[in-house]
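> give me the fold of what follows.
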Amino acid sequence: MTKYFSWRSPKLTTKTLTVAAMLIAVQVVLGKLSVGDAQVLKADLGFIGTAMIGYFLGPWLGGMVMIVDDIIANTILSTGAGFFPGFTLSAFISGVIAGLFLHQQRISLPRLFAYELVQITITNVIFNTLWLHIIRGVPFTQLFWVRLPKEVISWPVESLVGFIVLGALVRALRARNISVN
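Sure thing, here's the model as predicted:
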């Protein structure tokens, strides 16, 4: 736990696959609890599931799980936003970033603030705005300035909520001597 980033994911075992399947279910449900237009500006609780996926599954398996989540959420369980491969790439990158920052790491507020800053900047502000520009044909800069205030506000909120939820989850698992990795 002395390194700042975790570059490894756990071995692919039956236990790991079971945890991955459960986390996909959590991510799908939390991602569907949203407010706003998915094509422009949407706030949801999916960031909690993403953090859990990164913490338990690491960067590479976390990225793959996020791809599966994106495909399930935007095809089988689509609520009208539809599937776009760019968002699937963003989902993969989200899982990798979450795993890099959170897997096998001590959960601390500075770590969560750093993780959320990188996550929000790369996937939400840059990539997702680019995908919306491509889909909608709205100028990138116009979308950027519409989306940026929400992302700036969500950064500390997601960091604090992630710290509280992950911290409580880790303490509960340790108290019961449950090892997920």
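> in the protein, which spans are strands?
Taking DSSP state E as the test, the strands found in the chain are 34-37, 41-44.
> can you list the buried residues in the longest helix belonging to the chain?
In the chain, taking DSSP state H as the definition, the longest helix is helix 140-175. Residues of helix 140-175 classed as buried by neighbour count (16 or more other C-beta atoms under 10 Å): 143-144, 147, 150-151, 154-155, 158-159, 161-163, 165-166, 169. No exception for glycine: its C-beta is placed from N, CA and C like everyone else's.
> what is it packed up against?
strand 41-44, helix 46-71, helix 109-119, helix 129-136 (3 or more C-beta pairs under 8 Å, 6 or more residues apart in numbering; DSSP states H and E).
> most packed of these?
helix 46-71 (a mean of 25; mean count of other C-beta atoms under 10 Å).
> now it, how far from the centre of its chain.
Averaged C-alpha coordinates place helix 46-71 at 6 Å from its chain's average position (C-alpha atoms, centre = their mean, to the nearest Å).
> one more: stretch 19-28?
For stretch 19-28, the distance to the chain centre is 12 Å (C-alpha atoms, centre = their mean).
> contacts for that stretch?
46, 48-50, 52-53, 56-57, 61, 65-66, 68-69, 72-73, 77, 180 (C-beta atoms under 8 Å, 6 or more residues apart in numbering).
> same question, stretch 67-81
Contacts of stretch 67-81 (C-beta under 8 Å, 6+ apart): 24, 27-28, 31-32, 38-39, 49, 53, 82-84, 87-88, 91-92, 95.
> what subset of these is buried?
Looking at those with 16+ other C-beta under 10 Å, the buried ones turn out to be 24, 27-28, 31, 38, 49, 53, 84, 87-88, 91-92, 95.
> pick out the lowest-pLDDT one from those residues.
Lowest pLDDT among these: Ala38, with 54.
> what number of residues lie near Arg106?
10 (other C-beta atoms under 10 Å).
> residues in contact with the residue nearest the centre of the chain?
With distances taken as C-alpha atoms, centre = their mean, Thr50 lies nearest the centre of the chain, 2.9 Å away. The neighbours of Thr50, taking C-beta under 8 Å, 6+ apart as the test, are 27, 66, 94-95, 98, 119.
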